[in-house]
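A.B. asks: What follows is a predicted structure for the sequence shown.
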Amino acid sequence: MADLNTEVRYLKGIGEKKAQALNKLGVFSLRDLVSFFPRRYEDRSVCKPIALTVGGESVCVEAMVADTPRLTRVRRGLDLVKLRAVDDSGSLDITFFNQPYAKDNLHRGETYVFYGRIEVNGVRRGMVNPVYERSEGPRTVTGRILPVYRIAAGLNQRSMLSAVRQGLDACLDELPDVLPHDVRERCKLAQTAYAYENIHFPADYTALELARRRLIFEELFVLACALGRMRGERTREHGIQMRSGNMDRFWTALPFSPTGAQRRAVEEALANMDSGMVMNRLVQGDVGSGKTLVAAALIWHCAENGHCSAFMAPTEILAEQHCRTLTDLLGPLGLRVGRLTGSMSAKEKREVKAALKAGQLDLIIGTHALFSQDVEYERLALVVTDEQHRFGVGQRSALIGKGQRPHVLVMSATPIPRTLALIIYGDLDVSVIDELPPGRQKVDTFSVDESYRERLNGFIRKLVSEGRQVFVVCPMVEENEDLPMPLKNAQEHAAELARVFPDLRVGCIHGRMKAREKDAVMASMLAGETDILVATTVIEVGVDVPNAALMIVENAERFGLSQLHQLRGRVGRGRHKSWCILVSDNDGEENRARLSIMTKTNDGFRIAEEDLRLRGPGDFFGSRQHGLPEMHVADLGADVNVLQRAQQEATLLLAADPGLILPEHADLRESVEHMLNSGADSFN
Ligand code: ADP
Ligand code: MG
């Protein structure tokens, strides 16, 4: 007997090759298979009279073959079968390309259901390569709402349908119900078996909606339980207690006075650290709001208490940059600062690790290398991670495993509308830095199209001649994408700019380069040895080049607003007047409206709110900058209401059973753990 864990290759019709193709889609067991939901559906449930069909629509018609199908060989490799089908209302010309067997399958005088796209030619209607089956007898591909799956090479829709059907038949009754009975009742949700059956093979649209609602709720409920449980476990944990001290020596040593928002964030964090409970705090602040200073204050506080801190950055470039700033800030106060990154020599790494283990450092700054197994910490009390959207929920929990329950401070520059922050950061307390340091100048932003190219080049020339540097960002070109228009590719665009400006130093940096190469390019930009740096979004996070005064974003329509805002934050970081120019040839109203928001405000929170209003939260969630595990059915953006309901129910449930240890929550606990683990793999 097959069960949920049976491998798909044991299904009828699924041989070695098809099984491998399914594996590529992440489908290994029957459980995976029945959880592999359709991408979309085709409505083949009702037949339309031919006369009522319109050009371009995909429909079913029920019609009789009116003449004997004719096979013609147009040339080698091109066979045509033509026939005419009629119903009471009209007639349809049907053509099959390279399906000679259609001639023998379809018989004059018999009635079939054809499904295909209607093409209109003058007064005649036609269909090319329709799907068909006898209108009497068992119907499998017409007469219903048919699921359409994402497939991989080696698979087709028919084999997917058959595999899923078999999977459902074998184990529909074994699927665990992760929703507690009373939650399901209260929220009026369908049962598991019904939901799985109807998400694949909906009886009708009402059934499909019920199935979807149930599965979306389930997924979001599991997510909310996962986040809630992480938060619950940590806030109840005892942490390293700090003696509250006087911060004055730190504040007075600074080259500037902190903003009110910075002070507030520091105070909130200190209250956590001095409480005896463990801190899990997110500091959210727009680019340039001075989050590093908040971290520095806490690091200093730990050092005063005789403890060491670790500061993790997502890239080597950023680790180095933070190392410089924090050494400048904290060195004069007597703190010993070290660095640990993947590209250091074995000897350097050995030395730093030895110093760490011996307790000779107050602060270590690095990349993921900080959390590799052989790094031992002496008195580690604080872990700071920068730009948190680069790290997943799972990674967040892995990193906390080091040391004895260190306090955790996460810094994020992704402004998130407040309505969503609670859900996304369900496991963290949040401080918001909503004030920029004084004297910050606004980055003037313009949105232009291709016709401005020459003027734009003139502007680059002018700024570079004044000694400034320029960033040009091109969209990431993903493979397997049907792109409607040519997109600027970083390398090609750099070559183009080198032709236009033969006397200028043009560099290029993109994600496929080795870390070492990227560092070299960035170092050259920082040293002022590159005039124009063409980049993909690898430069989006935190890099600080104070001399850069112009940010050009090519194909700006390809970027989310929050991302554009991040990119713009790369300039205007020094004392020079700075500009951001968004180039887009997309005249769509929506695109123009989006880009014009960028030209009107520099406030990241407002931009996020506008983005939310214009496009729904899908853009934010879609870009997967949130570090949450991937959702299968739920659209974190579109399903916000369900998300809130699921969150409420999860909170109730966790209040009653925080560890999900009650036997009736065993299936739920398993799903929660599964989600947390999958969250960890999808980010690296
Ligand atoms: P982000 O929040 O983007 O990480 P940073 O911490 O890098 O911002 O700070 C941006 C710049 O602002 C740095 O050059 C920093 O020295 C400066 N800065 C931070 N706080 C203040 C302040 N209170 N007054 C003046 N300048 C500040
Ligand atoms: Mg920063």
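C.D. replies: Thanks, I have the structure now. Numbers count the residues shown, from 1 in each chain. Ligands and ions are numbered 1, 2, ... in the order given.
A.B. asks: quick one: secondary structure of residue 310?
C.D. replies: Of the three states, residue 310 takes strand according to DSSP: H, G, I helix; E, B strand; the rest coil.
A.B. asks: Based on its surroundings, how many neighbours for it?
C.D. replies: Around residue 310 there are 26 other residues, counting by other C-beta atoms under 10 Å. (C-beta placed from N, C-alpha, C; glycine too.)
A.B. asks: these two touch, right, it and residue 378?
C.D. replies: No. Using C-beta atoms under 8 Å as the test, residue 310 is too far from residue 378 to be in contact (11.6 Å).
A.B. asks: Could you list the low-confidence segments of the protein?
C.D. replies: 1, 231-236, 387-404, 415-427, 477-487, 538-543, 612-631, 635-638, 640, 678-684 (pLDDT under 70).
A.B. asks: Name the surrounding residues that touch the host helix or strand of residue 580.
C.D. replies: Residue 580 belongs to strand 579-583 when assigned by DSSP states H and E. Outside strand 579-583, the residues within contact range by C-beta atoms under 8 Å, 6 or more residues apart in numbering are 443-450, 452, 456, 459, 549-556, 564, 567-568, 571, 595, 598-599.
A.B. asks: And for stretch 118-132?
C.D. replies: 50, 53-59, 90-97, 99, 105-106, 112-117, 141-142.
A.B. asks: Can you give the strand pairings for the helix or strand harbouring residue 365, parallel or anti for each?
C.D. replies: According to DSSP H and E, residue 365 maps onto strand 363-366. Using DSSP bridges, strand 363-366 pairs in its sheet with strand 308-312 (parallel), strand 337-340 (parallel).
A.B. asks: Give me the contact list for that strand.
C.D. replies: Applying C-beta under 8 Å, 6+ apart, the set of residues contacting strand 363-366 is 299, 303, 308-313, 319, 322-323, 326, 330, 335-341, 352, 356, 370.
A.B. asks: Can you tell me the closest non-neighbouring residue to residue 592?
C.D. replies: residue 447 (7.4 Å; C-beta to C-beta, 6 or more residues apart in numbering).
A.B. asks: If you count neighbours, what's buried in the helix or strand harbouring the one you found?
C.D. replies: Assessed by DSSP H and E, residue 447 sits inside strand 444-448. Judged by neighbour count (16 or more other C-beta atoms under 10 Å), strand 444-448 contains these buried residues: 445, 447-448.
A.B. asks: now swap in stretch 580-596 and tell me
C.D. replies: Quick answer for stretch 580-596 (16+ other C-beta under 10 Å): 580-584, 586, 591, 594-595.
A.B. asks: between the residues you listed, which is closest to ligand 1?
C.D. replies: Proximity of these to ligand 1 (C-beta to the nearest ligand atom) peaks at residue 580, which lies at 15.7 Å.
A.B. asks: Any idea what the closest one is bridged to?
C.D. replies: On DSSP bridges, the residues paired with residue 580 through beta bridges are residue 445, residue 551.
A.B. asks: Which neighbouring elements make contact with the longest helix belonging to the chain?
C.D. replies: Longest helix in the chain, counting residues (DSSP state H): helix 205-235. The helices and strands touching helix 205-235, judged by 3 or more C-beta pairs under 8 Å, 6 or more residues apart in numbering; DSSP states H and E, are helix 192-200, strand 280-285, helix 393-400, helix 640-656, helix 666-681.
A.B. asks: Can you give me the neighbour number for the closest residue to ligand 1 within the stretch 51-200 of the chain?
C.D. replies: Nearest to ligand 1 in the stretch 51-200 of the chain, going by C-beta to the nearest ligand atom, is residue 150, at a distance of 38.3 Å. Residue 150: 12 surrounding residues under other C-beta under 10 Å.
A.B. asks: so who does it touch?
C.D. replies: Residue 150 touches 25, 39, counting by C-beta under 8 Å, 6+ apart.
A.B. asks: Now it: which helix or strand?
C.D. replies: Going by DSSP H and E, residue 150 is not part of any helix or strand.
A.B. asks: who's in contact with the helix or strand hosting residue 21?
C.D. replies: Taking DSSP H and E as the criterion, residue 21 maps to helix 16-24. Helix 16-24 has contacts (C-beta under 8 Å, 6+ apart) with 7-9, 14, 28, 33, 151-155, 159, 163.
A.B. asks: Export it to CSV, keeping only CA atoms.
C.D. replies: In CSV, the C-alpha atoms belonging to helix 16-24 read as follows (Å, rounded to 0.1, in the frame of the first residue of the first chain):
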residue,chain,number,x,y,z
GLU,A,16,12.8,6.9,-14.0
LYS,A,17,12.9,10.0,-16.2
LYS,A,18,9.6,11.4,-15.1
ALA,A,19,10.5,10.8,-11.5
GLN,A,20,13.7,12.7,-12.0
ALA,A,21,11.7,15.6,-13.6
LEU,A,22,9.4,15.6,-10.6
ASN,A,23,12.3,15.6,-8.2
LYS,A,24,13.5,18.7,-10.0
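A.B. asks: interface residues of this structure facing ligand 1?
C.D. replies: Counting by C-beta under 6 Å from any ligand atom, the chain comes close to ligand 1 at 256, 258-259, 262, 285, 287-293, 413, 437.
A.B. asks: which of those residues are buried?
C.D. replies: 258-259, 262, 285, 287-293, 413.
A.B. asks: and these, which of them are in helices?
C.D. replies: 262, 291-293.
A.B. asks: Could I get these in TSV, plus columns for distance to residue 471?
C.D. replies: Shown next, in TSV, are these (distance: C-beta to C-beta, whole Å):
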residue	distance to residue 471
262	27
291	21
292	21
293	25
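A.B. asks: so which of those residues comes closest to residue 659?
C.D. replies: residue 291 (33.5 Å; C-beta to C-beta).
A.B. asks: Name the nearest residue to that closest one, sequence neighbours excluded.
C.D. replies: Using C-beta to C-beta, 6+ apart, the nearest residue to residue 291 is residue 411, at 4.5 Å.
A.B. asks: check contacts around the one you found.
C.D. replies: Contacts of residue 411 (C-beta under 8 Å, 6+ apart): 282-285, 291-292, 294-295, 384-388.
A.B. asks: The same query, at a cut-off of 10 Å, please.
C.D. replies: 265, 281-285, 289, 291-292, 294-295, 311, 313, 384-388, 431, 433, 542 (C-beta atoms under 10 Å, 6 or more residues apart in numbering).
A.B. asks: Would you show me how to pick out the buried ones of the residues you listed in ChimeraX?
C.D. replies: Burial among the contacts of residue 411 is assessed by 16+ other C-beta under 10 Å; the matching ChimeraX selection reads:
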select :265,281,282,283,284,285,289,291,292,294,295,311,313,384,385,386,387,388,431,433,542
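A.B. asks: Next, residue 287: phi, psi?
C.D. replies: Dihedral pair for residue 287: phi -50, psi 130, per degrees, to the nearest 10.
A.B. asks: wait, it sits on residue 569?
C.D. replies: Yes. Contact criterion C-beta atoms under 10 Å: residue 287 and residue 569 qualify, at 2.9 Å.
A.B. asks: got the angle between the very next helix or strand once past the strand holding residue 580 and strand 444-448?
C.D. replies: Sequence order places helix 589-600 as the next helix or strand after strand 579-583, per DSSP H and E. Inter-element angle recorded for helix 589-600 and strand 444-448: 160 degrees (by axes from the mean of the first three to the mean of the last three C-alpha atoms, to 10 degrees).
A.B. asks: got the CA positions of helix 589-600 in CSV?
C.D. replies: What follows is helix 589-600 as a C-alpha-only set of coordinates in CSV (Å, rounded to 0.1, in the frame of the first residue of the first chain):
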residue,chain,number,x,y,z
GLU,A,589,0.4,54.5,-16.3
GLU,A,590,1.1,52.3,-13.3
ASN,A,591,4.8,52.5,-13.9
ARG,A,592,4.8,56.3,-14.4
ALA,A,593,2.8,56.6,-11.2
ARG,A,594,5.2,54.4,-9.3
LEU,A,595,8.3,56.2,-10.5
SER,A,596,6.8,59.6,-9.8
ILE,A,597,6.4,58.7,-6.1
MET,A,598,10.2,58.3,-6.1
THR,A,599,10.6,61.7,-7.5
LYS,A,600,8.3,63.3,-4.9
